[in-house]
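> The amino acid sequence is not available; the structure is as follows:
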């Protein structure tokens, strides 16, 4: 059987913004609420802190303040902290948050 030489990407790990470690995390997924939108970024609050995440103008059009979102992105270390470059933005406004919380706690999983 031939060896698969295609590029393999590290999976996006579920993290709270306060838990992101730029020395170890390369790809993360953040679940939170949009606080504000900018020209090419959004400020997301996930309950542990709020942080600006760069998502590009193509994603900004679909987002508004108070939207619930999950963002998959790449962690970029900086001198004193880190940045997240969002690559996939999923709007989660129709998600039943109480059921979501129950499932997370019951099965001790991170979605």
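Yep, that arrived. Predicted model, so just to flag it, every value in this text is computed and none were measured. Residues are numbered from 1 along each chain as shown.
> Please enumerate the helices of this protein.
With DSSP state H applied, the chain shows helices at 57-60, 97-107, listed in chain order.
> Serialize the ones you listed to TSV and add fields for mean neighbour count.
In this view, the C-beta of every residue, glycine as well, is placed from N, C-alpha and C. What follows is the helices of the chain, written out as TSV (neighbours: other CB atoms under 10 Å):
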stretch	mean neighbour count
helix 57-60	14
helix 97-107	10
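> With mean pLDDT as extra columns, can I get the ones you listed in CSV?
Supplementary listing: these in CSV, determined by pLDDT from 0 to 100:
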stretch, mean pLDDT
helix 57-60, 90
helix 97-107, 85
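> quick one: which of those is nearest residue 13?
When these are ranked by distance to residue 13, counting by CB to CB, first place goes to helix 97-107 at 15.0 Å.
> just to revisit the earlier point, turn the helices of the chain into JSON lines, columns for distance to residue 7.
Supplementary listing: these in JSON lines, determined by distance: least, CB to CB, whole Å:
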{"stretch": "helix 57-60", "distance to residue 7": "23"}
{"stretch": "helix 97-107", "distance to residue 7": "31"}
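> out of these, nearest to residue 75?
In terms of CB to CB, the element of those nearest to residue 75 is helix 57-60, at 17.8 Å.
> Would you state the strands of this structure in chain order?
Along the chain, the segments classed as strands by DSSP state E run 13-14, 27-37, 41-45, 50-54, 68-77, 82-91.
> could those be laid out in CSV, adding distance to residue 102?
Formatted as CSV, these follow (distance: least, CB to CB, whole Å):
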stretch, distance to residue 102
strand 13-14, 17
strand 27-37, 15
strand 41-45, 22
strand 50-54, 25
strand 68-77, 16
strand 82-91, 20
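> With that, I have no additional questions.
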